[in-house]
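> starting from these lines, generate the structure:
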Amino acid sequence: MSIKHISFTGVMLAGALITSSVISPVSAKDIAIYRWVDNNNVVHFSQNLPKEGEYKEFSTISSYKALSKAERKALADEKSAADEVAKQEKQQDDITAKNKATFEKNCKAARLNIKMLSSLEDIHISEEKSDGTIGSRPLTAAEKEDKLALSKKHEELYCEK
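Residues are numbered from 1 along each chain as shown. The predicted structure is shown next:
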């Protein structure tokens, strides 16, 4: 069967149904469209039910809904808020990464101090003298114990177990 001609009895334009010379506003979802082929192989589309023969019925579904100005603003505000949250999360991630690097550095220093304070007999520290020059002196046993205790606290604070 070859189709020679197509006939449209009713046409939908911009939310209004045009038939004859009468225009009446109709919602697109409320319109049924009928398609049939007559004896002369002419394909017809109409919102009017054909009088005889086989036909197919189609319903129209609106796939686009225009947003109101308020809805567009709400979506824009939502996107802006989401962008702000993402920005804050990135800043927090950056701070966390920087803190992690600082913790790792402090952990390494604490463990190195513990190793030195535990394994070496004689530990010297540099100090500024009363005349403004820098000099070196050995740690006393009490100072060494204090520094060892402080380094162990730092290890607990900065190192992951």
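> what about the strands in the chain?
For the chain, the strands defined by DSSP state E cover 5-8, 11-13, 16-19, 22-25, 32-37, 42-46, 56-59, 124-128, 134-138.
> domain assignment for this structure?
5-59, 69-127+134-158 (automatic domain parsing).
> among those domains, which gets the worst mean confidence?
The minimum mean pLDDT among the domains of the chain belongs to domain 5-59 (a mean of 65).
> let me know the outermost residue of this structure.
Distance from the C-alpha centroid of the chain peaks at residue 131, with 62.1 Å (Cα atoms, centre = their mean).
> burial count for residue 110?
Neighbours of residue 110 under the rule other Cβ atoms under 10 Å: 20. All C-beta atoms are positioned from the backbone trio N, CA, C, and that covers glycine.
> okay, the closest residue to it other than its chain neighbours and residue 41: tell me how far apart.
The shortest distance from residue 110 to any residue other than its chain neighbours is 3.7 Å, reached at residue 154 (Cβ to Cβ, 6 or more residues apart in numbering). Relative to residue 41, residue 154 is positioned 92 Å away (Cβ to Cβ, to the nearest Å).
> which one of those two has more residues nearby?
With neighbours defined as other Cβ under 10 Å, residue 154 and residue 41 compare such that residue 154 has more, 17 against 11.
> residues touching the more buried one, list them.
Neighbouring residues of residue 154 by Cβ atoms under 8 Å, 6 or more residues apart in numbering: 106-107, 109-110, 113.
> need the residues you listed in a markdown table with distance to residue 46, can you?
Formatted as a markdown table, the contacts of residue 154 follow (distance: Cβ to Cβ, whole Å):
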| residue | distance to residue 46 |
| --- | --- |
| 106 | 82 |
| 107 | 81 |
| 109 | 86 |
| 110 | 86 |
| 113 | 92 |
